[in-house]
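K.L.:
below: sequence and its predicted model.
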Amino acid sequence: MGKKSIIIFWLSIAVFTIPCGPLHAVEVEALVRDAVHYYRGSASFSVVDMTIHRPGWERTLTIKAWTRGEKDSLFTIIAPPKDNGNGTLKKGEEMWIFNPRVNRVIKLPPSMMSQSWMGSDFSNNDLAKSDSIIDDYTHKITGTEIHDGKKVFVITSIPKPDAPVVWGMQKLRVREDFIFLSQEFYDEDLLLVKAMTAAKIQMIGGKLFPRVYKMWKADTEDEYTMLEYRELLFKESLPGDLFTLSSLKNPGR
Amino acid sequence: MYLQMGWRNIWRNPRRTIVIMTAVIIGVWAMIFLGALMRGISEQMVRNGITTLTGHIQVHHRGFRKDPVIENSIDKPEVVEAALSKILPQDARWTTRVRVDAIASNARHSGGATLVGIDPEREAEISFIGQAVTEGAYLKTGDTYGIIVGQALADKFETKLGRKLVMMSQDTKGDIASRAFRITGIFRAEMEATEKQFVFVTTGAARKMLKLGNEASEVSILLTDYKESDEVADALRGVLPSESYDVETWRELLPLVTAVLKIYDWFIYLWFLIIFIAMGFGIVNTILMAVFERIREFGLLKALGMKPWWIVKEVLAESFFLLILGMVVGNALGFLSIFALTDTGIDLSALSEGLEFAGMSRVIYPFVLITDIVAANLVVLILGLVVSIYPAVKAARFTPVKAMAHT
């Protein structure tokens, strides 16, 4: 063994050991997927207060929500009474809304997908393409932080070249126990457009979970939408007939 | 003799003659020049309409024009293509397009736009888009992610060359189809509305996005002479069964333009008449003055044995010379001002928003229609002589006795 082969030996060790860290692409993807899964559970039921805040104006809606897997959700508003019964059903990438006043179910056309959902800072697209972060992006860990004594991975997600997403970049903060701490949306100039941040991590529904999520736009001050969980239950599964148009019309049976 | 007398008479008071001639000159100039401008506007409206993806004739699947959805596509464009190659004159051009209403969005903005899938080479020969790209490059066949947007849309979306634009629409199954495109070209059009409305991709890309096979939304045909449109359209209707195809000429495709053209026709003649009425009063007044000034003279002519009819002819000859002189100079000035504007046109960009509403261009080029010129001159000459009959008859009625009594 000459000097040369020793160098090769050390080099190959270096090459083989680096990918074993958390920086490995496959592991980052798994991390994001696990985080999304942790956030959604295999099925869940929740009651959420959604506060839409604007300068000099604020209103709160109470929403009952059921989710199953990454793709199916059903939301219905239970308070204030004026909006009671308004519902949204999402299956796959399609969405329907129900308005009890006119007793009509409307399938959301593409033209409405980028509009805001119930007047909040969430767009219909945010809901319809909630799993887009898994499929449409390539992820890379670009830093680590410490939060409550736990390690936080800062993940920079760049959309795949052909992916039909409008963002130029997303930045995620995922704690090592798979809790999403923040999700930031950047445009193609890599300027922040909007961000969602989580707070008040505590035990709800049998696991550690942020009680509060806040979505805010970067270029406006004092405008945000806050989601606060009142109740949250994670379940093994929910019946399939829950995510149908008929239950959109008669929710909460 | 009348002509000679008339000619000499009008120069007995040169100032008055020149004043009334000026009125005629301005009138004729206004008729010709403004008439040409109006024709220019309407001509350009037609041209804009035809090059903005209309063409002279279009073939659609039946019902597409009422409900332009993807389900109303032409199933077998090859049937139409076969018919076209049989019927169209040699030098006619045609292309197929895929066209759907879509939503364009990027990180900060979203809005409606018409997504047009084009065959880059064929399209360039037919519509404005072939020459309109000012930044970046025009589409190439086989380009799967390139998109060309208008300057106005790019400004509205705060985007630029090389940036992404996500298009969303409904595919053939009624599901949401979305596809990310990259802006490879930015075009400028005559009208801002066009820049905001249309975005262009290749047919291949559009078909992939919408899960279409070989289908097309429309076939657009450009003939060498638009006058052949009706004839060729009739021939096409004979071959393509009307239960599955709609064949329409630009007159039917652009009903607003057609209506405006008709209105303009009437408007121009009305305009001629209005100018003439203003001018006519001046003519009557001047001739009347000239006649009353020369009561004694006319009395004398009568006394010398001139018949009333001859006096009428003499006075009419005077007004004839006034009109002819005014018309010659007016026409010359009119043509000069039209000629001066043929290259530059009148730039109305400052008012473009209002003009766009009416479908007009930013720059107006005058357009001369021979019939308008003839009509304007005939109106002035004939009506001018007609209104001069009144003072002429007045002059013929003076009797020598009355004339003597007049001081």
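P.N.:
Happy to help now that I have it.
K.L.:
do stretch A:58-77 and chain B meet?
P.N.:
No. Stretch A:58-77 does not reach chain B (CB under 8 Å from any CB of the partner chain); its nearest approach is 13.8 Å. No exception for glycine: its C-beta is placed from N, CA and C like everyone else's.
K.L.:
I'd like the mean pLDDT over that stretch, please.
P.N.:
In this model, stretch A:58-77 has a mean pLDDT of 88.
K.L.:
give me the buried positions along that stretch.
P.N.:
By neighbour count on 16 or more other CB atoms under 10 Å in any protein chain shown, the buried set for stretch A:58-77 is A:61-68, A:70-77.
K.L.:
nearest to chain B, of these?
P.N.:
Checking the buried residues of stretch A:58-77 against chain B with CB to the nearest CB, the nearest one is A:Lys71 at 13.8 Å.
K.L.:
list the contacts of that closest one.
P.N.:
Counting by CB atoms under 8 Å, 6 or more residues apart in numbering or on different chains, A:Lys71 touches A:90-92, A:131.
K.L.:
quick one: the strands in the stretch 51-200 of chain B?
P.N.:
With strands called from DSSP state E, counting those that start in this stretch, the stretch 51-200 of chain B shows them at B:57-61, B:93-105, B:110-118, B:133-136, B:146-150, B:164-170, B:176-187, B:198-202.
K.L.:
redo these as TSV? Include distance to chain A and mean pLDDT.
P.N.:
Supplementary listing: the strands of the stretch 51-200 of chain B in TSV, determined by distance: least, CB to the nearest CB, whole Å; pLDDT from 0 to 100:
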stretch	distance to chain A	mean pLDDT
strand B:57-61	21	91
strand B:93-105	5	91
strand B:110-118	4	91
strand B:133-136	16	90
strand B:146-150	13	93
strand B:164-170	4	89
strand B:176-187	4	90
strand B:198-202	13	94
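K.L.:
closest one to A:Trp57 among those?
P.N.:
Among these, the nearest to A:Trp57 by CB to CB is strand B:110-118 (23.9 Å).
K.L.:
could I get the average pLDDT for the strand or helix carrying B:Phe320?
P.N.:
Using DSSP states H and E, B:Phe320 sits in helix B:308-341. What helix B:308-341 shows for mean pLDDT is 92.
K.L.:
check which helices and strands that helix sits against.
P.N.:
Under the contact definition 3 or more CB pairs under 8 Å, 6 or more residues apart in numbering or on different chains; DSSP states H and E, helix B:308-341 sits against helix B:2-10, helix B:14-51, helix B:255-293, helix B:295-303, helix B:370-378, helix B:384-397.
K.L.:
show me the one of those that comes nearest A:Phe234.
P.N.:
Distance to A:Phe234, taken as CB to CB, is lowest for helix B:255-293 among these, at 59.7 Å.
K.L.:
quick one: name the residues of the stretch 151-253 of chain A near chain B.
P.N.:
So far as CB under 8 Å from any CB goes, the stretch 151-253 of chain A lies against chain B at A:159, A:161-168, A:185-188, A:193.
K.L.:
so what's B:Phe320 up against?
P.N.:
Contacts for B:Phe320 were tallied using CB under 8 Å, 6+ apart; they are B:6, B:385.
K.L.:
before we move on, back to that, is it possible to get JSON lines of the strands of the stretch 51-200 of chain B that adds mean neighbour count?
P.N.:
Formatted as JSON lines, these follow (neighbours: other CB atoms under 10 Å in any protein chain shown):
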{"stretch": "strand B:57-61", "mean neighbour count": "25"}
{"stretch": "strand B:93-105", "mean neighbour count": "23"}
{"stretch": "strand B:110-118", "mean neighbour count": "21"}
{"stretch": "strand B:133-136", "mean neighbour count": "15"}
{"stretch": "strand B:146-150", "mean neighbour count": "25"}
{"stretch": "strand B:164-170", "mean neighbour count": "23"}
{"stretch": "strand B:176-187", "mean neighbour count": "22"}
{"stretch": "strand B:198-202", "mean neighbour count": "26"}
